[in-house]
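S.K.: Quick one: sequence plus predicted model below, questions after.
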Amino acid sequence: MESEGVSLPLIHEHPMKPWNDLRKGDCCGRFVSVSDGYYCKNCDFFVHKKCGDNLSEFIVHPSHPNHTLRIRSKKGFCICRLCGRETWNTFYRCKLCDFKVDLDCAKHPPPLVIENFETHSHKLTFLKELTEFYCCAKCGKAGDGFTYKCEECDVAFHVDCVWHPTGELNYSPEVSHSYHSLHPLKLLTGPPPDYSDGKCRLCENEVDEELFYHCSSCNFTLDMRCVLNPPPQSLVDLNVHDHQITLLPRLFSFSCNACGLKGDRSPYMCVQCDFMIHQDCLGLPRVININRHDHRVSRTSVLGVVNSVCGVCRKKVDWTCGGFSCQRCPGYVVHSKCATREDVWNGKELEGVPEEDEDTDPYVVIDDNTIHHFSHEEHNLRRIHGNGVLYEDNKWCSACTHPIGLQSFYDCMDCDFSLHHKCAECPKKKWHVLHNERLTLVTNKELRVFSCDACNRTSNGFIYKDGDKKLDVLCGSISEPFVHPSHPEHPLYYIPTGELCDGCSNIERRMLRCVEGDCEYVLGFKCATLPQVVKHRIDDHPLSLCYGEKKASGKYWCDICEERTYPNNWFYTCKDQRASLHTECVLGDFEGLMPRSVAKLWGESYEVELNNSVTRPFCSRCKCRCMYPIKLKLLGSSGTYACSYFCSSYLTSRGLER
């Protein structure tokens with residue numbers, strides 16, 4: 001186990017390690033040869049020691065004396081108002097004026113007067129006003145911000161072109177570099193030459209147009225990081241390869257043995273083994289959790305003969321290359337790059353960290369028909385087998401809040417508590433494709449209202465939760481491969497995309513997709529979790545979900561809202577299939593709220609009532625009769641109703657009296 005590291009709470013939430021490799025990052029945009037700093041491996045976050053030490057949460061800065069500046073450590077974009085440099089890391093900000101300075105300018109404020117600038121003989125005065133100007137220093141670029149000005153000559157200069165507190169920006173016009181011994185490299189500013197690809201030969205990053213080194217004879221370019229802190233020429237790391245590997249600083253095409261992807265420059269290689277690896281694959285983790293799989297996966301240098309597809313992108317893997325595999329599940333493999341994607345891995349290296357043997361079973365079996373569920377410790381639950389004929393519409397599942405319907409369920413004989421059989425089996429902890437940390441099932445006994453991050457439904461049922469991430473039980477239970485009755489021939493997988501959902505024709509960001517051949521079937525989470533059978537006052541028999549009629553012709557009308565339906569989209573239909581009812585009309589906005597509970601929306605409390613009486617009340621907002629299965633009544637009022645989410649928000653904003 002590694003030590004806890006250095007705590008810098010004003011800068012970063014995790015403990016950080018002392019680090020002396022600037023190539024891991026740059027916190028202030030100033031490349032310095034003395035690169036000691038602190039690094040968080042989980043977040044790939046680096047800060048210079050000179051920037052991170054002895055920081056205060058609040059400062060008064062001479063360039064902005066009227067207001068206090070406060071440090072901001074959350075990742076955000078900053079253009080320093082003094083030097084004009086961009087940073088995505090820590091900076092100081094004035095909340096009132098949105099004035100921002102990076103850490104270097106905060107610690108080393110520019111002097112009010114400079115009298116010894118080497119290229120200008122007169123006194124330069126710092127102007128604390130935002131000004132548009134052309135810099136008369138060597139850069140010659142336009143500026144928009146604070147400036148140094150010579151009143152005698154009426155010329156202006158960028159702050160950063162005039163003021164260098166430690167002199168680290170006075171780079172040599174030429175350098176001799178260990179990776180290019182034939183010719184010296186010359187310091188250039190501005191766009192890279194047209195004949196170059198604009199990328200650093202060693203690290204492949206786009207070079208900064210302000211400063212980079214270049215050899216025109218060899219078309220060899222290095223960015224400032226690789227000039228000051230080049231990668232080692234050779235290294236021995238048994239976690240990477242069994243032998244010493246050497247950097248080959250040239251342009252040529254190769255396949256990386258660690259990830260299987262192509263590269264076009266400067267790999268590390270072992271001639272003895274014909275082994276090549278990208279530089280950024282050197283730091284691949286050894287043991288990790290990914291949100292697509294219940295077990296840890298481990299990196300291996302050669303996957304071996306497997307006929308598998310990647311567990312993330314669902315594309316075939318090259319078994320001769322490295323990747324991640326599960327020791328418990330034969331054949332489960334993941335591409336190295338897929339396993340370490342930001343939306344798949346939480347960034348935690350687990351090598352040497354013992355696995356926690358946690359109990360995720362939601363219940364204890366008492367006998368063949370009786371269980372003791374963790375969400376209902378007071379009593380045991382007895383299983384009731386659904387017969388597929390009698391629709392149980394007087395009981396609701398406490399987990400998903402939907403009616404029990406035709407499904408098998410567990411029922412408490414002593415109180416009003418029921419769980420669908422499927423909901424009762426939801427594990428207490430699980431991984432989910434929409435979150436990088438394991439989610440915990442929260443029973444929500446207080447019936448607090450939340451919005452599901454997958455489908456945006458409002459609910460007060462059970463929650464799969466971690467931090468601010470909240471999924472209802474229906475969306476939280478989705479795992480790969482996901483089989484839906486609308487597409488039984490192929491399973492669906494979570495592939496981030498923005499396409500039209502085949503169920504509702506809406507564009508969704510989170511989609512479940514078929515990856516077989518040319519099949520382009522996609523479903524959003526909301527349509528994927530619609531109930532297959534529902535009961536509605538419009539018909540004596542249960543309504544069934546119909547997956548659209550692609551060849552339908554003519555006009556169809558919904559009997560609930562009396563507006564046109566589009567049968568290409570999913571709809572509910574009755575026993576004789578003569579009706580095509582909008583799914584949103586059948587279910588309403590409040591399908592996720594438990595009847596007979598109290599729901600707090602928009603700061604007001606509402607009673608959740610079934611809308612099944614002979615006379616339906618009028619909505620206090622839209623003045624129409626409430627047509628959805630569930631209506632809300634303002635708590636304590638004599639007759640203030642809301643039929644929809646929009647109407648409830650309007651009532652609250654108006655502050656209607658009870």
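M.R.: The structure has been received and is ready for your questions. Residues are numbered from 1 along each chain as shown.
S.K.: Kindly check the end-to-end length of stretch 275-294 for me.
M.R.: Across stretch 275-294, the terminal residues are separated by 32 Å (Cα to Cα, to the nearest Å).
S.K.: Can you find which helix in the chain contains the most residues?
M.R.: Counting residues, the longest helix found in the chain (DSSP state H) is helix 645-654.
S.K.: ranges for the helices of the stretch 551-658 of the chain?
M.R.: 583-587, 645-654 (DSSP state H, counting those that start in this stretch).
S.K.: how does the chain divide up, domain by domain?
M.R.: Per the record, the chain has its domains at 1-109, 174-228, 234-281, 363-424, 598-654, by automatic domain parsing.
S.K.: Kindly provide the whole-number mean pLDDT of the fourth one.
M.R.: Just to be clear, that refers to domain 363-424. Regarding domain 363-424, the rounded mean pLDDT is 91.
S.K.: Off-centre distance for it?
M.R.: Domain 363-424 has its C-alpha centroid displaced from the chain centroid by 35 Å (Cα atoms, centre = their mean, to the nearest Å).
S.K.: same check, this time on the second one
M.R.: Relative to the chain's own centre, domain 174-228 is displaced by 34 Å; criterion: Cα atoms, centre = their mean.
S.K.: for the stretch 151-300 of the chain, which spans come out with low pLDDT?
M.R.: Applying pLDDT under 70 to the stretch 151-300 of the chain flags the ranges 164-171, 210.
S.K.: Assign a three-state SS to Lys422, would you?
M.R.: helix (DSSP: H, G, I helix; E, B strand; the rest coil).
S.K.: can you give me the helices for the stretch 251-400 of the chain?
M.R.: Counting by DSSP H, counting those that start in this stretch, the segments of the stretch 251-400 of the chain that form helices are 336-339.
S.K.: okay, now Arg564: neighbour count?
M.R.: 11 (other Cβ atoms under 10 Å). (C-beta placed from N, C-alpha, C; glycine too.)
S.K.: Would you check that it makes contact with Lys555?
M.R.: Yes. Between Arg564 and Lys555 a contact is recorded at 6.1 Å, counting by Cβ atoms under 8 Å.
S.K.: Need the residues that contact stretch 304-313.
M.R.: Stretch 304-313 has contacts (Cβ atoms under 8 Å, 6 or more residues apart in numbering) with 290, 292-293, 315-317, 319, 323, 331-335, 338-339, 341, 344, 480, 495.
S.K.: Just the buried positions in that stretch, please.
M.R.: Within stretch 304-313, the residues scored as buried using 16 or more other Cβ atoms under 10 Å are Ser308, Val309, Cys310, Gly311, Val312, Cys313.
S.K.: What is the nearest of the residues you listed to Tyr650?
M.R.: For those, the closest approach to Tyr650 (Cβ to Cβ) belongs to Val312, at 43.5 Å.
S.K.: The closest one - nearest residue in space that isn't next to it in sequence?
M.R.: Nearest-residue entry for Val312: Cys338, 3.8 Å, with adjacent residues in sequence omitted and distances by Cβ to Cβ, 6 or more residues apart in numbering.
S.K.: From His108, how far out is that neighbour?
M.R.: From Cys338 across to His108, the span is 43 Å (Cβ to Cβ, to the nearest Å).
S.K.: okay, these two: which has more neighbours?
M.R.: Taking neighbours as other Cβ under 10 Å, Cys338 and His108 compare with Cys338 leading, 22 against 14.
S.K.: doesn't Arg314 make contact with the more buried one?
M.R.: No. In this structure Cys338 lies outside contact range of Arg314 using Cβ under 8 Å: 9.5 Å.
S.K.: Ok, which of the domains of the chain comes nearest Lys149?
M.R.: Nearest of the domains of the chain (Cβ to Cβ): domain 1-109, 14.4 Å.
S.K.: Report the mean per-residue pLDDT for that closest one.
M.R.: Mean pLDDT, domain 1-109: 76.
S.K.: neighbours of Cys643, just the number please.
M.R.: 26.
S.K.: which residues does it contact?
M.R.: For Cys643, the contacting residues are Gly588, Cys619, Arg621, Cys622, Cys624, Cys626, Met627, Tyr628, Lys631, Leu632, by Cβ under 8 Å, 6+ apart.
S.K.: For ChimeraX, what selects the buried ones among these?
M.R.: Command for ChimeraX, covering only those of these found buried under the criterion 16+ other Cβ under 10 Å:
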select :588,619,621,626,627,628,631,632
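S.K.: Closest one of the contacts of Cys643 to Asn239?
M.R.: Distances from Asn239 to the contacts of Cys643, taken by Cβ to Cβ, are shortest for Gly588, at 55.9 Å.
S.K.: if I look at the spatially closest residue to that closest one that is not a sequence neighbour, how far off is Trp163?
M.R.: Computed as Cβ to Cβ, 6+ apart, the closest residue to Gly588 that is not its neighbour in sequence is Tyr628, at 2.8 Å. Separation of Tyr628 from Trp163 (Cβ to Cβ): 66 Å.
S.K.: One more: Gly517?
M.R.: 62 Å.
S.K.: Tell me which of those two has more neighbours.
M.R.: Set Gly517 next to Trp163 and count neighbours by other Cβ under 10 Å: Trp163 wins out with 21 against 7.
S.K.: The more buried one against Thr147, yeah?
M.R.: No. Using Cβ under 8 Å as the test, Trp163 is too far from Thr147 to be in contact (11.0 Å).
S.K.: Burial check on the closest residue to Leu471 other than its chain neighbours, number of neighbours?
M.R.: Closest residue in space to Leu471, ignoring its immediate chain neighbours: Tyr464 at 4.3 Å, by Cβ to Cβ, 6+ apart. Burial of Tyr464 is recorded as 29 neighbouring residues (other Cβ under 10 Å).
S.K.: Give me the three-state assignment for Tyr464.
M.R.: Under three-state DSSP, the three-state class of Tyr464 is strand.
S.K.: For it, give me its contacts.
M.R.: Here Tyr464 is in contact with Lys430, His432, Leu439, Thr440, Leu441, Val442, Lys470, Leu471, Asp472, Val473, Cys475, Gly476 (criterion: Cβ under 8 Å, 6+ apart).
S.K.: For the stretch 201-350 of the chain, which segments count as strands?
M.R.: Remark: strands assigned in the stretch 201-350 of the chain by DSSP state E, counting those that start in this stretch are 212-215, 220-222, 234-235, 245-247, 251-255, 262-265, 268-270, 275-277, 287-288, 297-300, 323-325, 333-334.
S.K.: for those strands, which one sits closest to Val449?
M.R.: Between Val449 and the strands of the stretch 201-350 of the chain, the tightest spacing by Cβ to Cβ is seen for strand 287-288, at 35.1 Å.
S.K.: What strands flank that closest one, and is each parallel or antiparallel?
M.R.: Here strand 287-288 has these sheet partners by DSSP bridges: strand 297-300 (antiparallel).
S.K.: would you put the C-alpha positions of the strand it pairs with in PDB?
M.R.: Below are the C-alpha coordinates for strand 297-300, written out as PDB (Å, rounded to 0.1, in the frame of the first residue of the first chain):
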ATOM      1  CA  VAL A 297     -10.300  -6.800 -14.400                       C
ATOM      2  CA  SER A 298      -6.500  -7.200 -14.600                       C
ATOM      3  CA  ARG A 299      -4.100  -6.000 -17.300                       C
ATOM      4  CA  THR A 300      -2.300  -8.700 -19.300                       C
END
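S.K.: what sits against the residue nearest to Gly260 when sequence neighbours are not counted?
M.R.: Leaving out its chain neighbours, the residue that sits closest to Gly260 by Cβ to Cβ, 6+ apart is Cys321, at 3.8 Å. Counting by Cβ under 8 Å, 6+ apart, Cys321 touches Ser255, Cys256, Asn257, Ala258, Cys259, Gly260, Val302, Leu303.
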